[in-house]
Structures are given as C-alpha cells and as structure tokens.
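Asks: Sequence plus predicted model, see below.
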Amino acid sequence: MNRVRMRSLVRVFAWTGLTSLGGGRSAYFFDAVVTRRPWVRTEEFVQDLTLAQLLPGPNFSNLAVLLGCRLGGWRGGAWALAAVVGPGAVILAALAAVYFRVGFTPRTAHLMHGMAAAVIGLIVVMTARMVRASIRTVPAAAIAALVFVLVGVLRVNTVVAIALVVPVSLWLHRPR
C-alpha cells in the first residue's frame, strides 16, 4: 500500500473538495493523485472509481474514502472524507443562508449553464482517460458496448443492465 504523509493527503483532498465541480469531480481527483503526484497508478484509480460508483452513496465521497485508505490506511480514509466534504459543506451552508435571505436572480441561471458546460468538458476528459486505462481487450470493449446499448439505446434500467452484464463480465475476465 502506498503511504503519503497525512498532512499532504489532507491538503490535496481539501483543495480538491474546495475547487472541484459537479459530475466532473472525479477528474479533479485523477489530476491530483495520478497526473500531478505519482501517488496512484491509473489502473488503481480506475479500480477505486469503479468500486466507488458501485457502492451506495455519493461517488465522490466514496472515491475519497477509497483513495484515502489506499494512501494512508483507515486514518487516511477518514481524513480524506472529512477534507473533501468539509469545504463543500461550509460553502453550501453559506450559499443556503444567502439564498434564503435574498434569493438568486435570473442571471444566476446563465452562470449555472456556463458552469454546466465546463463540467461536461471535465466528464469527457475523465471518460477518455478511463477508456484508455480500462478498455484494452475485445471482451472489455464488448462489455462496455453492451452496457451502452442496454442503458443508452434500449433504456433498460441501470440496475437491471448491471445485473445482466456483471456475470458475463466476470466470466469473460476470470483468471485462466
């Protein structure tokens, strides 16, 4: 298990929690712990992200705990969660106080649309990085395509699609 100094872990995770946006937040983690610092390999990050998305609860918090545990044991997981959630909770409480005091103007909606476009860009970057790291074989590409068709084209419920595809994926990727 890789170990980093707890102070460094908390600083990086708090900065990620403070500066990251919406659905693209995983890209911030990738940049922080894979690209900028050699703390985690891409394959390890993809494993942790996959597990974080399979577990109940917010993916970003789940990912913080998994990466924190990988980098600093159970203490690292607890501190990583606190560091990631803390800044957002403080900002949310402040914005809620402002909102309930004065409300938001129609101009705010335009700002949110601009920020949404930035988040979509981050999601596209993250997806491209995950594709390079995860889909290296024909069976992996087939599984990804099958899930895409089931959920995206046929509109099968995500839980049902995963329940159908996971046994096939496990069988295709079983140890030889």
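Replies: Looks like it arrived, so ask away. As the structure is a computational prediction, the values presented were derived from the model and not from experiment.
Asks: quick one: L67 from G76, how far?
Replies: 8 Å (C-beta to C-beta, to the nearest Å). (Each C-beta comes from the backbone N, C-alpha and C, glycine too.)
Asks: Neighbour count: those two, which is higher?
Replies: L67 (29 against 24; other C-beta atoms under 10 Å).
Asks: okay but the more buried one is in contact with V34, surely?
Replies: No: if you go by C-beta atoms under 8 Å, L67 and V34 don't touch, sitting 9.9 Å apart.
Asks: For these two, list the residues in contact with both.
Replies: The contact sets of L67 and V34 overlap at V40, F45 (C-beta atoms under 8 Å, 6 or more residues apart in numbering).
Asks: Isn't R37 up against R11?
Replies: No: at 11.1 Å, R37 does not count as touching R11 under the criterion of C-beta under 8 Å.
Asks: in the worst-scoring helix or strand of the chain on mean pLDDT, what counts as buried?
Replies: Ranked by mean pLDDT, DSSP states H and E, the weakest helix or strand in the chain is helix 106-134, scoring a mean of 78. Residues V119, L122, I123, M126, R129, M130, A133, S134 are the ones in helix 106-134 that count as buried (16 or more other C-beta atoms under 10 Å).
Asks: quick check: domain ranges of this protein?
Replies: 6-118, 135-176 (automatic domain parsing).
Asks: Pull up the gap between the closest residue to A27 other than its chain neighbours and N157, please.
Replies: Spatial nearest neighbour of A27, excluding adjacent residues (C-beta to C-beta, 6 or more residues apart in numbering): M126 at 4.0 Å. Using C-beta to C-beta, M126 is found at 24 Å from N157.
Asks: Export only the CA atoms of stretch 76-84, formatted as PDB.
Replies: Provided in PDB are the C-alpha atoms of stretch 76-84 (Å, rounded to 0.1, in the frame of the first residue of the first chain):
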ATOM      1  CA  GLY A  76      -6.300   8.300   5.600                       C
ATOM      2  CA  GLY A  77      -9.800   7.300   4.500                       C
ATOM      3  CA  ALA A  78     -11.400   9.100   7.400                       C
ATOM      4  CA  TRP A  79      -9.300  12.300   6.900                       C
ATOM      5  CA  ALA A  80      -9.800  12.200   3.200                       C
ATOM      6  CA  LEU A  81     -13.600  12.100   3.600                       C
ATOM      7  CA  ALA A  82     -13.500  15.000   6.100                       C
ATOM      8  CA  ALA A  83     -11.200  17.000   3.900                       C
ATOM      9  CA  VAL A  84     -13.300  16.500   0.700                       C
END
